[in-house]
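>>> Coordinates for the following, if possible.
(one chain, ligands or ions: 1)
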Amino acid sequence: MPTAAAKRPKVKHPFFARIYPRINAFAETHGGLDHRKELLADTEGRVIEVGAGNGANFRHYPATVEKVIAVEPEPRLRELATRAAAESSAPVEVREGRAEELPVPDSSVDGVVASLVLCSIADVPAALAEAARVLRPGGRLYFYEHVRSADPRFAKKQRRINMVWPLLTGGCNLDRDSEQAIRDAGFTVEQARHFDFLINGRTTPSSPCVIGVARKPEN
Ligand SMILES: C[S@@+](CC[C@H](N)C(=O)[O-])C[C@H]1O[C@@H](n2cnc3c(N)ncnc32)[C@H](O)[C@@H]1O
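The predicted structure follows:
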């Protein structure tokens, strides 16, 4: 019998992997860099970053972080992340893997980082259950995600655009309520800042965003 892991399709998006570093660089010059710094400012101890992409977060980990295990399933992005890790002052180890099956033991990390990734993961409940498994009791999940708009008219537009969006963006979805998914997985959301990420003052389909921290219960 194949395991659940073996049954999951491989994450391989060569086109998206080629263009994502440029999309990200553009987003970073329009405010995305500050979002990453805000996300990571209070991280500490041992951290696992799920779906690390090309490693755009690595240079923003503070000195309070002892070790980052960065998991990335997409081969080209993982290669870029490995290069970014070599240039980063933070102690980052890049590993092949996916959020639904993290390659670390139970209760072995102080923090899990999810940035712009819950939109793309195929099985979000499984990924959040894994985040809870690997976190120590009281450990924190740091999240930065674009999400479904709270405005029903905008959310309807996002739903429509989402009929094609994932095909162009490596499986990214515009219409997920990731903060609610985090609560549904048993985390306590301690902070959540909602905002519209505008590009040159304009709304895009992925403008509605949240940056927050959620805690795994102590017992
Ligand atoms: C929009 S990119 C974000 C990359 C990075 N987290 C960042 O902040 O720039 C989405 C990432 O999710 C990854 N991804 C997709 N499915 C995944 C899964 N099941 N487990 C882990 N990562 C996944 C993709 O390969 C890609 O690197």
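
>>> lowest confidence element among the helices and strands of the protein?
helix 4-7 (a mean of 66; mean pLDDT, DSSP states H and E).

>>> Past the strand ranked longest in the chain, which element shows up next along the chain?
Scanning the chain for the strand with the most residues, using DSSP state E, yields strand 135-146. For strand 135-146, the following helix or strand on the C-terminal side (DSSP states H and E) is helix 152-161.

>>> Outside of that following helix itself, which residues are in contact with it?
148-149, 174-175, 203, 205, 208 (C-beta atoms under 8 Å, 6 or more residues apart in numbering). Heads up, the C-betas are built off the backbone N, CA and C, glycines and all.

>>> quick one: buried residues of stretch 30-46?
32-33, 35-36, 39-40, 43, 46 (16 or more other C-beta atoms under 10 Å).

>>> Now do it, average pLDDT.
Mean pLDDT, stretch 30-46: 97.

>>> How far off centre is that stretch?
12 Å (C-alpha atoms, centre = their mean, to the nearest Å).

>>> near the ligand, which residues of the protein?
11, 20, 24, 50-53, 56-57, 72-74, 77, 98-100, 115-117, 120-122, 170, 172 (C-beta under 6 Å from any ligand atom).

>>> about what we covered before: now, the most widely separated pair of the buried residues of stretch 30-46?
Gly32 and Arg46 (25.7 Å; C-beta to C-beta).
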